[in-house]
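S.K.: pasting the sequence and the predicted model now:
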Amino acid sequence: MTQDVLSPADERPSKSQLKREMSALQALGEQIIAMSDAERARFPLSDDLLAAVKETSRIRSHEGRRRHMQYIGKLMRREDLDAIHAVFEEVEQERLHRDRAFHRLEGWRDRLIEQGDPAVEAFIIDFPDVDRQALRQLIRNARHERDQNKSPTHARRLFRLIRDTAGI
């Protein structure tokens, strides 16, 4: 009498494992819902899933939203998850790149306000097309605001000038 021995590959996943996978798919669906329409358009999503994602904004009740997220998790099982994860990675890399560029520009703004002329000369070397008169005027006004503890209106304008000059 022989017993049927199941190899680990033949075993079905545990109920806990299935729940973890469903939670992960629901979380992925939440991330997709939180994105803008332009970002979402980059993903290879089925029409059913796109319709469900759009429907989410109309649901107001907590319990209704919870059930709807379970439905989205169910729809996610049919999607090409590898392709979706690849697009998520691209979006995340672009976001990191934008954040780094933003922080570099903030650093320029702070450096220009703190150091004055030496920083202006360095900025002009890096960005020769900048409107020098506007740059110096905004730096002067931003310093004055800072010294008088006023709201940083000119510092914001200076940042916009730097951002526009850098083309970001």
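M.R.: On my side now, so go ahead.

S.K.: outside of stretch 45-55, which residues touch it?
M.R.: 29, 32-33, 40, 68, 71-72, 75-76, 78-79, 84 (C-beta atoms under 8 Å, 6 or more residues apart in numbering). To be clear about C-beta, it is placed using only N, CA and C from the backbone, and glycine gets the same treatment.

S.K.: any idea how far the residue nearest the centre of the chain is from I162?
M.R.: Most central in the chain under C-alpha atoms, centre = their mean is R95, positioned 5.0 Å from the mean C-alpha point. Look at R95 and I162: by C-beta to C-beta, to the nearest Å, they are 20 Å apart.

S.K.: tell me the contacts of the residue lying closest to R157 once chain neighbours are set aside?
M.R.: Of all residues not flanking R157 in the chain, L138 sits nearest, at 5.5 Å (C-beta to C-beta, 6 or more residues apart in numbering). Counting by C-beta under 8 Å, 6+ apart, L138 makes contact with 154, 157-158, 161.

S.K.: mind telling me what element L138 is part of?
M.R.: Element membership of L138 [criterion: DSSP states H and E] is helix 132-147.

S.K.: next secondary structure after that helix?
M.R.: Next along from helix 132-147, by DSSP H and E: helix 153-166.

S.K.: what is the mean pLDDT for that next one?
M.R.: Average pLDDT, helix 153-166: 92.

S.K.: that helix packs against which elements?
M.R.: helix 81-115, helix 132-147 (3 or more C-beta pairs under 8 Å, 6 or more residues apart in numbering; DSSP states H and E).

S.K.: turn these into JSON lines, including mean pLDDT.
M.R.: Converted to JSON lines, the helices and strands packed on helix 153-166 look like this (pLDDT from 0 to 100):
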{"stretch": "helix 81-115", "mean pLDDT": "92"}
{"stretch": "helix 132-147", "mean pLDDT": "91"}
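
S.K.: still on that earlier bit, let's see if you can find the most crowded of the contacts of L138.
M.R.: L158 (23 neighbours; other C-beta atoms under 10 Å).

S.K.: residues contacting that residue?
M.R.: Contacts of L158 (C-beta under 8 Å, 6+ apart): 109, 112-113, 135, 138-139, 142.
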